[in-house]
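Participant: A structural model of the following input is requested.
(chains A and B)
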Protein chains: 2
Amino acid sequence: MTLTGHHFIAGREAAPHGHLFHAFNPTTSAQLEPAYGDATHAEADEAMQAADAAFDALRLATPETRATLLDTIAEEITALGDALLERAHAECALPMARLTGERGRAIGQLKLFAALIREGSWANACVDHAIPDRQPLPKPDVRRVMLPIGPVVVFGASNFPFAIGVIGTDTVCALAAGCPVVVKGHPAHPGTCEMLARAVLNALHKVGLPAGCFSLLHGKGNDIGTTLTKHPLTQAVAFTGSLRGGRALMDVAAARAHPIPVYAEMGSVNPVFVLPGALKERASKIAEAYVGSVTMGVGQFCTNPAVVLGLKSEELNQFISNAAALAGKVAPQTMLHRGICEAYDAGTAVWQTVKGLQLVGESETPSSETASQAACRIFTTTIDVLESNAELRREVFGPCSIITQCATLEDLLRYANSLEGQLTATIQGTEQDLRDFAPLIRVLERKVGRIIFNGFPTGIEVCPSMHHGGPYPAASHSFFTSIGTGSIYRFVRPVCYQGFPEEALPELLKDANPRGAMRIVDGVMAR
Amino acid sequence: MTLTGHHFIAGREAAPHGHLFHAFNPTTSAQLEPAYGDATHAEADEAMQAADAAFDALRLATPETRATLLDTIAEEITALGDALLERAHAECALPMARLTGERGRAIGQLKLFAALIREGSWANACVDHAIPDRQPLPKPDVRRVMLPIGPVVVFGASNFPFAIGVIGTDTVCALAAGCPVVVKGHPAHPGTCEMLARAVLNALHKVGLPAGCFSLLHGKGNDIGTTLTKHPLTQAVAFTGSLRGGRALMDVAAARAHPIPVYAEMGSVNPVFVLPGALKERASKIAEAYVGSVTMGVGQFCTNPAVVLGLKSEELNQFISNAAALAGKVAPQTMLHRGICEAYDAGTAVWQTVKGLQLVGESETPSSETASQAACRIFTTTIDVLESNAELRREVFGPCSIITQCATLEDLLRYANSLEGQLTATIQGTEQDLRDFAPLIRVLERKVGRIIFNGFPTGIEVCPSMHHGGPYPAASHSFFTSIGTGSIYRFVRPVCYQGFPEEALPELLKDANPRGAMRIVDGVMAR
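Facilitator: Numbers count the residues shown, from 1 in each chain, chains lettered A, B, ... in the order given. Coordinates of the predicted model:
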């Protein structure tokens, strides 16, 4: 596939004009062709108008048609073959093995949501039959099902070009629900975005759905994203990225004449509590898994464990030594783009000016002169230093982490109580530790979206029970998840039909229940 | 019970000081004793601190304890006897029969949520067991359940002193979920609020839960509400009232350092489409039901049908004449308070200045000199007048409605497409009408929370399938309902437990499932 640099506006290709930008290969610092451009306000409006015009066709299509669309997108992505992986590797510097795995996850998501909507139970259909002779008033026939909300704007993440990108979880669950999607492409991997957009448009064409169901607009600055978020036809925004970026979109959306939800997943520091029993049993094993988690994907995961807390002890010292030694042996790795790498170096440089914080382990191999490489950096400090320096409590995106020495359970509790919302918290402990430190779990239940026992937070299982979100600032709204089948609920809303004849009801609400979906009928769950 | 004018701050009674206010009897215009006062910032802070301190006790109590709390509140309210009804009647002018019925609904809500949490399926528990030997990576054990979010601030509605008041649906589902509640009392019925607050505090005491689970603060202006919404410990706000009031709270909440959701239900114009087949069959019956719906509760329902649309015809003319005649026979009724009555008269007076709008029916009996009485007022106009006058498209709260004459289906579709979000829309039609006007239903599905066929929107059935909400500005977030069992989801969020031993899991996530709740286990719905 020859890349063009075009925007895709409801199937119309629009050459870039005005301000142009390029992707760069973070490994070689070479500029990658072609040039992309910032979409204009008129192009944003055209995309949103087309999305709105396509909404009825998409939402009123049968679930089978929408499921086939998702399956066909999966086929089209597979058909892109190695060319897709190679372009993503050139733009993001992620290893080919990781990209192959991530493509598999993206395809898996497409198939997961295809199966979900074919089956139908996700829509929480609920039927309450009429009781015409109820006293003192007749009970009307009331039925409720989830309907899609309308055009959705998706901002893909830099760190998952496939799984949280143009055809990532946000796009997939929006299309599954019946919502047209306008993607703001990530400027660090516009070529990857272009290839994926062609796959979606090919699939729409094959399935016979309007091209307006999907648009891709490029842009390097904030302008086009702000314009899309302000557009009156936009019904929701999905965003994965920094707190600054997500909050800016939240503020724009809240100030609209007609406010809309921004579902922003904005990362967190994902504290790990290493409890005494576990340290006694297996300090070196935990250190190994911890450094593996910190450096996985060059630390470029929103679930990266950026802070560890333990009680001062010989075993904790041993854990710190082990982790420091392991960090030294980790070779520097190329980050997603130069901007992220510079922010990482700047953020960890600020940390090194903090009195009472020590850099105890750092990749021994020097970083490349040309590539945007990050060294692993493990720090240690005490709880009072952590508590008195706000900059230590902000996420620095990359393979760094701070091991914090506490004196007592009260220190741990005070720290946990002071936490802002987190995607995850992790306990490394024995079952006895869990009992002894139960008050800590009670605090974490108020602060985080996922609590992990004897694992690490990186590597998210995509399954029905997964919740990837948490109280602000981990996410913009703690009820919703951005990963797993539950993520579809961001783009639907309940609608009631009262007194409707069978013939005029949506399929999932008909008495016959032809899809055999699980429903609540007169208070009883049944197929 | 002697009323004191006190605030109730976690069981501590605080006498009013500073700016004082009284309730007025809208029927007699007499001032009602005692005086109430605006709570101070320090009192708001004390209530929120106490709520936060009580949160763990409430959320970690067994569902049985919380259910008993709700049952006990119901008993305490019943024990207030006629004194409660009499005070509410004096403050709100609602007829005793209506208040008796509403008290029944409020008690029904308490029992409904008690049953809901005893049963447990509401929490959407989901269990995915580990697969340690899965290739290429082991599958971890992941389980998810809903946990309460923390202290909730509730603003009761003026029009439902029991069912959407101090012990209304917001308070009940927050307590059921495990969230402490701070109620900002409605200044039009502070005595009713005080009586209900004592009932809640008595119940907390009997059940042995901390008084901090519930506080009641009075206040006449916006200041105390803004303070509570800004308070860092507040995790969500529930509000029922005007668009102006709800939007103001939404803006305050969105501008916080840590934004929180405001679940505001802000009313709508609830269009009724009277289709030709129905008019041919039963114009006079529809007119009767329509005027009944417009004047029910003196038009003081957020689902009041404020606009009717039909196609110009002899039958529509007949419908208009019938409705006008029936309106003439409706006696003026006393509204909830003088402010609402003045706004109603002012709003309908503005309408009467609009060229092309005719007042065709008005209560023939003159309104009382002393009471705050509203006459029923039925207007008629044409679609072009409705479309070109923005003031006709805003809700005027009270027993008024505009019957709008359209020329074609296209007029109806254009109007429906231009609608802002609505709580409800209603179709009066035959089954053939439903087929002929199917495109209208397709538009309404994008605009409203509930579509009613051959009924009227007033009189909401409280059942599992009910959705009382809709796109903005009907409600602040279209996913959530403020009535029915689904309203509990406003005050909870999913939390995942990964890798936890059985013993340390919340009850609903244990393999044994001792409560027998419906759950999704390894993808299969089961008890």
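Participant: Could you use CA atoms for every contact and neighbour count after this?
Facilitator: Will do.
Participant: Could you check how many residues crowd around residue A:19?
Facilitator: When neighbours are counted by other Cα atoms under 10 Å in any protein chain shown, residue A:19 registers 14.
Participant: Count the neighbours of residue A:29 for me.
Facilitator: 14.
Participant: helix/strand/coil for it?
Facilitator: Classification of residue A:29 by DSSP: H, G, I helix; E, B strand; the rest coil places it in coil.
Participant: contacting residues for it?
Facilitator: Residue A:29 is in contact with A:370-372, counting by Cα atoms under 8 Å, 6 or more residues apart in numbering or on different chains.
Participant: Which pLDDT does the model give it?
Facilitator: According to the prediction, residue A:29 has pLDDT 93.
Participant: so how far is residue A:92 from it?
Facilitator: Using Cα to Cα, to the nearest Å, residue A:29 is found at 11 Å from residue A:92.
Participant: Return the residues of the stretch 201-350 of chain A in contact with chain B.
Facilitator: Counting by Cα under 8 Å from any Cα of the partner chain, the stretch 201-350 of chain A comes close to chain B at A:251, A:254-255, A:258-261.
Participant: give me the element residue A:417 is part of.
Facilitator: Assigned by DSSP states H and E, residue A:417 belongs to helix A:409-418.
Participant: Can you tell me which helices and strands that helix packs against?
Facilitator: Secondary-structure packing of helix A:409-418 (3 or more Cα pairs under 8 Å, 6 or more residues apart in numbering or on different chains; DSSP states H and E): helix A:438-444.
Participant: mind listing what's buried in the helix it packs on?
Facilitator: Going by neighbour count (16 or more other Cα atoms under 10 Å in any protein chain shown), the buried part of helix A:438-444 is A:440-441, A:443-444.
Participant: ok, now stretch A:99-119?
Facilitator: So stretch A:99-119, judged by 16+ other Cα under 10 Å, has buried residues A:99-100, A:102-119.
Participant: Stretch A:358-370 too?
Facilitator: For stretch A:358-370, the buried set under the neighbour-count rule, 16+ other Cα under 10 Å, comprises A:358-363, A:367.
Participant: check these against chain B, which are close?
Facilitator: Among those, proximity to chain B is found for none (Cα under 8 Å from any Cα).
Participant: just these now: which is nearest chain B?
Facilitator: For these, the minimum distance to chain B (Cα to the nearest Cα) is 27.0 Å, reached by residue A:363.
Participant: Can you tell me the SS state at residue A:472?
Facilitator: Of the three states, residue A:472 takes coil under three-state DSSP.
Participant: what about it, neighbour count?
Facilitator: Here the number of neighbours of residue A:472 (other Cα under 10 Å) works out to 26.
Participant: What separation do you get for it and chain B?
Facilitator: Relative to chain B, residue A:472 is positioned 6 Å away (Cα to the nearest Cα, to the nearest Å).
Participant: contacting residues for the closest residue in space to that residue that isn't next to it in sequence?
Facilitator: Spatially, and ignoring its direct neighbours in sequence, residue A:472 is nearest to residue A:421 (5.0 Å; Cα to Cα, 6 or more residues apart in numbering or on different chains). Contact analysis of residue A:421 by Cα under 8 Å, 6+ apart lists A:268, A:447-448, A:470-475.
Participant: Out of the residues you listed, which is nearest to chain B?
Facilitator: Among those, residue A:472 lies closest to chain B (Cα to the nearest Cα), at 6.4 Å.
Participant: hmm, back to that, mind listing what's buried in the helix holding residue A:417?
Facilitator: Buried-residue list, helix A:409-418, by 16+ other Cα under 10 Å: A:409, A:411-413, A:415-416.
Participant: cool, and stretch A:500-507?
Facilitator: In terms of neighbour count (16+ other Cα under 10 Å), stretch A:500-507 has its buried residues at A:500, A:507.
Participant: pLDDT of it, averaged?
Facilitator: Stretch A:500-507 comes out at a mean pLDDT of 96.
Participant: got it, and stretch A:399-413?
Facilitator: 97.
Participant: Check stretch A:162-170 too.
Facilitator: The predicted model gives stretch A:162-170 an average pLDDT of 95.
Participant: Is it correct that residue A:70 is in contact with residue A:111?
Facilitator: Yes: if you go by Cα atoms under 8 Å, residue A:70 and residue A:111 touch, sitting 6.8 Å apart.
Participant: so residue A:191 is in which element?
Facilitator: Residue A:191 belongs to helix A:190-207 when assigned by DSSP H and E.
Participant: residues of that helix that come out buried?
Facilitator: Buried positions in helix A:190-207, judged by neighbour count with 16+ other Cα under 10 Å: A:190-204, A:207.
Participant: same deal with stretch A:236-253?
Facilitator: A:236-243, A:246-247, A:249-253.
Participant: Sort out for me which of the residues you listed are in strands.
Facilitator: A:236-240 (DSSP state E).
Participant: quick one: which of those is nearest to chain B?
Facilitator: Using Cα to the nearest Cα, these come closest to chain B at residue A:236, 10.8 Å.
Participant: The closest one and residue A:230: what is the separation?
Facilitator: Plainly put, residue A:236 is 10 Å away from residue A:230 if you go by Cα to Cα.
Participant: now residue A:269
Facilitator: With Cα to Cα as the criterion, residue A:269 and residue A:230 are 30 Å apart.
Participant: which of the two has more neighbours?
Facilitator: Set residue A:269 next to residue A:230 and count neighbours by other Cα under 10 Å: residue A:269 wins out with 27 against 21.
Participant: Parallel or antiparallel, list what pairs with the lowest-mean-pLDDT helix or strand in chain A.
Facilitator: Among the helices and strands of chain A, strand A:524-526 carries the lowest confidence by mean pLDDT, DSSP states H and E, at a mean of 87. According to DSSP bridges, strand A:524-526 has the following sheet partners: strand A:519-521 (antiparallel).
Participant: these two touch, right, residue A:278 and residue A:428?
Facilitator: Yes: taking Cα under 8 Å as the definition, residue A:278 is a contact partner of residue A:428 at 6.2 Å.
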